[in-house]
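> Please find the sequence and the predicted model below.
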Amino acid sequence: MAGVAGAYVAGRATADAATPAVSDGARSATYPFRGEHQAGIVTPAQDRLHFAAFDVVTDSRDDLVDLLQRWTVAAEQMSTGEPTGTGAVDGDVYLPPDDTGEALDLPASGLTITFGFGPSLFRDADGQDRFGIADRLPSALRDLPHFPGDVLDPERSGGDLCIQACADDPQVAVHAVRNLARMGFGTVSVRWSQLGFGRTSTTSTSQSTPRNLFGFKDGTANVKAEETAALDEHVWVGSGDDDAAGWLAGGSYLVARRINMNIEIWDRQPLGDQESFVGRTKGTGAPLSGGEEMTEPDFSMPGSNDQPVIPVDSHVRVVHPDMNGGVRMLRRGYNFVDGSNALGGLDAGLFFIAYVRDPDTHFIPVQLAMSKTDALAEYLRFTGSALFAVPPGIGPGEHVGQALFA
Amino acid sequence: MRTTTLVAPMTVLLLATPFLAACTENADAGDSAGGATTDARKLTVDSSSDACTLSATEAPAGTLTFDVTNSGDQVTEFYLLGEDGLRIVAEVENVGPSISRALTVNAPAGSYVTACKPGMTGEGIRADFTVTASDEEPAVSEDEAQLVDDAQKNYAAYVQDQSAQLLEKTKEFVEDYKAGDDEAARALYPVARTHWERIETVAESFGDLDPMMDAREADLEPGQEWTGWHLIEKDLWPQRAEDYTPLTDQERATYADDLLANTEDLDGRVQDLTYTVDSIANGSRGLLEEVATGKVTGEEEYWSRTDLWDFQANVDGARVGFEGVEPIVEQKDPALAEQLTTRFADLQKLLDEQRRGEGFVSYDDLTPAQVKGLSDAVNALSEPLSRLTAAVLS
């Protein structure tokens, strides 16, 4: 039992949350929508992402809760590979179809849909309680501070709600966000959304570490689904963590950061410099202190010129748990390329997603260290940022966030 | 110059196998193209804790590649030394356990010494190495040492001169600013900063001074006080700021004096700096990166819009760096030297079109097409410039 087992397994999915319920092809995996924790966190990272942030445009708590109920039903349908509502082609010919139809004939493709709540859902900019839940605001749920290197676009930052849709087929992920957004018109409005291709992290020991757009393996030290104790320590909010926000126990915090890479400039860096910035070899991903990818880096190993062989400003060292009080993250980011910018450079980088138990201890200090001292920072620009509280898994008959609105 | 003093190897060396030796001869005979023949100019080096094993002890002149693998459990280094065992022809450092590193060197015929240095201590595990004559013999300059020496001295003098001018102009600037003569201060601002931008990669190497002198507002970390050029820039050009409160005379004096004191500190420090040719070449590349990330995008001088002055100054500094090592590059890679010369000129031509009087048009006056054209020219120059250091060291 992997500890993330599907005590609440519903629908046709039968396996536990970390193992796809099998089937007849690589893309036909399904993951249970309901469970102790939301799907899409420890689920083995799928290949594609569509992430959307929403603003709630109604003052009506009832309308908001109603949407969460309808989203729950639709998300569960789509997670099994079914269309939403009455489907895309079986409805009244005089009505637009419930489902938009582009995922017809496509398997579930491992689709997971994960919901989160932003700080602005609880209080508006003037501090007013929007939906009678301000007293349940988790203490760590607030806008992230400004970090050096942040050039945030407000139109790519923040949000009252978020939906992370991951699948092995991009059309399936887009279909999920498109249909959920459509159901929300009048209640919510899409604030921004981000497509990601190519996972940049591995969340299960069964997966190999992929490469980011710098060409390096990244996230080798990620918390994995199989590390049950580490998940409890670093990812899941504990039942005693926050008295005001008991509804969040078993959930997590989702940090989203749109990190643009200065691709063209990076590409001109000599191989040795690139490896020094990262602290790993580009080929195998081994730390510069030797061994193989999974070998623990030896930060004290002497190198040339009286410096450690893993430079003190290398990425692997700056963000390593040993240098950050032992804190770890579950990273679940994706490469993105949004075409080219006005100068013909790639508008590309890493859409960073991390799940942590407490951003105040598990993210902010690490990001600050990275912004200040990481050699990679010179090649990065942070253009979007958001923080969401991700409620725990959805039990039988429940809707997402039910405990928050109970 | 021939010396018979050979350093005794620290340990017994394994010699090349007859098979590899035969391949060497094959390659010597001419262009032995085809996958069946091992390239005699590609060698492997196995550096263990107590041995330094090369796949061959000789190779034909030309571009040699040593693929160095560390089979020991400490970091190792590999050196190709001159016959005297002292002059470093090429080196690769920081080879961690079980890691491989390729070292490429353009070696003329002659006698050499190889050395692995596991643990990076002592004189290493040494052996003789011979480069035999071939028709790929690189041209050897008798006076390369002189060229290197000249480049280093000239660049040090350049940095000192720019630093002195920076200090002089900064003094004038802060006097005007403190006296409330904003018009004069605005006119001097891009002039003084030109001297900073020309040596920006050197100035930035002082990690304590740079954030105090050149930080932009977005660079600050929580709790960090903003000081330096760009704070004053905002005070002189507050038009783009929202709800801006001008600095008081007292605040002006504080920030101006602080900038001047840091500039004096910087000037003192650069007097002692020395530069290697690779650091000069890297600096040249680095200055073009500054252009690409901050100047061509109009982000550096957000308030004053004087980005093109900085742009020109970065290009000036990059060109001085390139021209300093150009005599070396002309011997080692004349095509690269020619391409760089051409592309510096292409970029300069575009910049010259934006000159107005002593300076440049405001960044806001550039059309998107002009910005794109400048950016394209920066890219066109930056690609070959990224090969400069390796060419200088080859």
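That came through, no problem.
> what does chain B have sitting close to chain A?
B:70, B:73-75, B:77, B:93-94, B:96-99, B:101, B:119-120, B:218-222, B:285, B:289, B:292-293, B:296-297, B:368, B:371-372, B:375-376, B:379, B:382-383, B:385-386, B:389-390 (C-beta under 8 Å from any C-beta of the partner chain). From N, CA and C alone the C-beta is placed, and that goes for glycine too.
> number of nearby residues for the residue of the stretch 301-406 of chain A found nearest chain B?
At 3.5 Å from chain B, A:S304 is the closest residue in the stretch 301-406 of chain A, using C-beta to the nearest C-beta. By the criterion of other C-beta atoms under 10 Å in any protein chain shown, A:S304 has 17 neighbours.
> residues in contact with it?
Neighbouring residues of A:S304 by C-beta atoms under 8 Å, 6 or more residues apart in numbering or on different chains: B:V75, B:E77, B:E93, B:N94, B:M120.
> all helices of the stretch 51-200 of chain A, in order?
All helices of the stretch 51-200 of chain A, identified by DSSP state H, counting those that start in this stretch, fall at A:61-79, A:170-184.
> Surely B:L366 is in contact with B:L351?
No - using C-beta atoms under 8 Å as the test, B:L366 is too far from B:L351 to be in contact (11.1 Å).
> the more surrounded of these two?
B:L366 (20 against 15).
> can you tell me which residues contact the nearest residue to that one once chain neighbours are set aside?
Excluding the flanking residues, the one nearest B:L366 by C-beta to C-beta, 6 or more residues apart in numbering or on different chains is B:Q354, at 7.0 Å. With C-beta under 8 Å, 6+ apart as the criterion, the residues that contact B:Q354 are B:L308, B:F360, B:V361, B:L366, B:Q370.
> Check B:D161 too.
Taking C-beta under 8 Å, 6+ apart as the test, B:D161 contacts no residue whatsoever.
> helix or strand for it, which one?
B:D161 belongs to helix B:144-178 when assigned by DSSP states H and E.
> Go through the helix or strand just after that helix and flag the buried ones.
Sequence-wise, the next helix or strand downstream of helix B:144-178 (DSSP H and E) is helix B:182-198. By 16 or more other C-beta atoms under 10 Å in any protein chain shown, the buried positions in helix B:182-198 come out as B:185-186, B:188-198.
> Dump those to TSV, plus pLDDT and distance to A:A369.
Putting these into TSV (pLDDT from 0 to 100; distance: C-beta to C-beta, whole Å) gives the following:
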residue	pLDDT	distance to A:A369
B:A185	98	37
B:R186	97	38
B:L188	97	38
B:Y189	98	34
B:P190	97	35
B:V191	97	38
B:A192	97	34
B:R193	97	30
B:T194	97	34
B:H195	97	33
B:W196	97	28
B:E197	97	29
B:R198	96	32
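> Out of those, which comes closest to B:A179?
Nearest to B:A179 out of the buried residues of helix B:182-198 is B:A185 (C-beta to C-beta; 8.6 Å).
> Report the central residue of chain A.
By C-alpha atoms, centre = their mean, chain A has its centre lying nearest to A:I353, at 3.7 Å.
> Can you tell me who that one pairs with across the strands?
A:A256 (DSSP bridges).
> can you tell me how far it sits from A:T114?
10 Å (C-beta to C-beta, to the nearest Å).
> Please name the nearest non-neighbouring residue to residue 316.
Going with chain A. A:G279 (3.3 Å).
> my bad, chain B
Among residues not flanking B:D316 along the chain, B:R198 sits closest, at 5.1 Å (C-beta to C-beta, 6+ apart).
> which residues touch the one you found?
When contacts are counted by C-beta under 8 Å, 6+ apart, B:R198 touches B:Q162, B:A313, B:N314, B:D316, B:G317, B:V320.
> cutoff 10 Å now
B:158-159, B:161-163, B:165-166, B:287, B:310, B:312-321 (C-beta atoms under 10 Å, 6 or more residues apart in numbering or on different chains).
> Over to A:A286?
A:217, A:220, A:275, A:280, A:292-295, A:297, B:96-99.
> what two of those residues are the furthest from one another?
A:K217 and B:P97 (18.6 Å).
> Point me to the residue of the stretch 251-394 of chain B nearest chain A.
The nearest approach of the stretch 251-394 of chain B to chain A comes at B:S386, 3.7 Å away (C-beta to the nearest C-beta).
> Nearest spatial neighbour of that residue, chain-adjacent residues omitted?
Excluding its sequence neighbours, the residue lying closest to B:S386 (C-beta to C-beta, 6+ apart) is A:R268, at 3.7 Å.
> Can you check the pLDDT for that neighbour?
A:R268 is assigned 95 on the pLDDT scale.
> Could you tell me how many residues sit around it?
Counted by other C-beta under 10 Å, the residues lying close to A:R268 total 19.
> my guess is it meets B:V378, correct?
No - using C-beta atoms under 10 Å, A:R268 is not in contact with B:V378; the gap is 11.2 Å.
> For residue 103, give me phi and psi.
This is for chain A. Note on A:A103: its backbone torsions stand at phi -100, psi 0 [degrees, to the nearest 10].
> you looked at the wrong chain, it should be chain B
The phi/psi pair for B:L103 (degrees, to the nearest 10) is phi -120, psi 120.
> Any regions of chain B where pLDDT drops low?
Residues of chain B meeting the criterion pLDDT under 70: B:1-38, B:139-142.
> Skipping adjacent residues, who's closest to the residue positioned nearest the centre of chain B in space?
Centroid-nearest residue in chain B: B:N282, 0.7 Å away (criterion: C-alpha atoms, centre = their mean). Leaving out its chain neighbours, the residue that sits closest to B:N282 by C-beta to C-beta, 6+ apart is B:T389, at 5.4 Å.
> hang on, isn't the one you found packed against B:I328?
No - between B:T389 and B:I328 there is no contact under C-beta under 10 Å: 11.1 Å.
> Show me the common contact partners of these two, please.
B:V277, B:A281.
> Run a quick neighbour tally on the closest residue to chain B within the stretch 151-300 of chain A.
Using C-beta to the nearest C-beta, A:G290 is the residue of the stretch 151-300 of chain A that sits closest to chain B, at 3.1 Å. The tally of other residues near A:G290 (other C-beta under 10 Å) stands at 23.
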